[in-house]
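Participant: Structure, please.
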Amino acid sequence: MNIPASLMGGLSMLMGSASVFSLLVGLNLGGTDAPELQERVSIALDAAPKPPPPKKKERPRKSRPKKAAPSARAPLPNLGAGLGGLDLGLPNPGMGGMAQGLLGDVSDVIMTQDTVDAPPRAIAQAQPVYPTRARSKNIEGFVTFSLRVGLDGSVEEIRVLDAQPAGVFEQAGKTALLDWRFEPATYEGLPVATRMQQTLQFKLQ
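Facilitator: Below is the predicted model:
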């Protein structure tokens with residue numbers, strides 16, 4: 001059997017390439033087994049140091065302002081120390097001008113019989129007329145009035161505070177009191193208008 005020369009040349013080249021490839025594989029392995037190579041690689045990986053975990057960032061603490069120590073209170077000024085020799089323009093209580101100085105024109109002031117130095121004193125008293133109707137029915141009673149006595153001692157105003165029985169003796173009492181005269185009340189030596197109470201009794205004799 002005659003093999004063409006061109007086919008024989010291609011086979012020889014293929015055989016040469018196979019031998020060269022097997023030679024290169026043998027050189028690369030270096031006579032070591034694959035399992036041993038894998039073991040070395042895993043050991044090398046285990047021996048490598050692990051990177052440290054990242055540190056947590058600490059929040060900065062807010063510093064609280066320090067409280068200032070309480071300062072000692074300054075002593076209050078003594079106002080009375082320097083007033084001993086001052087003239088404040090007030091009247092002398094012992095000179096009898098207290099009412100005139102503090103109250104001004106006392107002619108417009110109405111005081112009560114409990115606040116004056118001397119209350120009004122009746123110097124002329126007109127007797128009330130007993131009502132005919134009350135006399136015929138033997139009715140007795142009383143009326144309490146509120147009077148305003150002026151600076152001249154006259155009765156300037158009359159109000160009924162209480163009446164027993166009501167509606168019987170009020171008008172007779174008012175008519176009589178309008179004719180009364182008083183010595184006016186005084187305060188600090190001056191006459192003052194005063195409001196006072198006066199009770200009139202109505203009894204049959």
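Participant: ok so residue 175 is a strand residue?
Facilitator: No: judged by DSSP: H, G, I helix; E, B strand; the rest coil, residue 175 forms no part of a strand; its state is helix.
Participant: Need the contact partners of the longest strand seen in the chain.
Facilitator: Counting by DSSP state E, the longest strand found in the chain is strand 190-202. Contact with strand 190-202 is made by 99-100, 106-107, 109-113, 116, 119-120, 128, 130-131, 134, 140-151, 156, 161, 168-169, 172-173, 176-177, 184-186, as judged by C-beta atoms under 8 Å, 6 or more residues apart in numbering. For glycine as for every other residue, the C-beta is placed from the backbone atoms N, C-alpha and C.
Participant: Pairing partners for it, with directions?
Facilitator: In the sheet, strand 190-202 lines up against strand 110-112 (parallel), strand 141-149 (antiparallel), strand 185-187 (antiparallel) (DSSP bridges).
Participant: out of these, nearest to residue 205?
Facilitator: strand 141-149 (14.8 Å; C-beta to C-beta).
Participant: Would you mind identifying the next helix or strand past that closest one?
Facilitator: strand 155-164 (DSSP states H and E).
Participant: And the contacts of that following strand?
Facilitator: Residues outside strand 155-164 that contact it (C-beta under 8 Å, 6+ apart) are 141-150, 169-170, 174, 177-178, 180, 182, 193, 197.
Participant: in the sheet, who's paired with the residue lying closest to residue 124 once chain neighbours are set aside?
Facilitator: Closest residue in space to residue 124, ignoring its immediate chain neighbours: residue 181 at 4.0 Å, by C-beta to C-beta, 6 or more residues apart in numbering. Assessed by DSSP bridges, residue 181 has beta-bridge partners residue 124, residue 154.
Participant: what pLDDT does residue 181 get?
Facilitator: pLDDT for residue 181: 97.
Participant: Over to residue 160?
Facilitator: We have a pLDDT of 97 for residue 160.
Participant: Can you give me the neighbour number for it?
Facilitator: Burial of residue 160 is recorded as 15 neighbouring residues (other C-beta atoms under 10 Å).
Participant: helix/strand/coil for the nearest residue to residue 168 once chain neighbours are set aside?
Facilitator: Spatial nearest neighbour of residue 168, chain neighbours left out: residue 134 (5.2 Å); criterion: C-beta to C-beta, 6+ apart. Assigned by three-state DSSP, the conformation of residue 134 is helix.
Participant: Test my guess that residue 123 contacts residue 152.
Facilitator: No: the pair residue 123 / residue 152 is not scored as a contact, 11.9 Å apart, by C-beta atoms under 8 Å.
Participant: Look up how far residue 169 lies from the residue nearest to residue 124.
Facilitator: Counting by C-beta to C-beta, to the nearest Å, the separation of residue 181 from residue 169 is 22 Å.
Participant: out of these two, which sits in the busier spot?
Facilitator: A direct count of neighbours by other C-beta under 10 Å for residue 181 and residue 169 places residue 169 higher, at 24 against 16.
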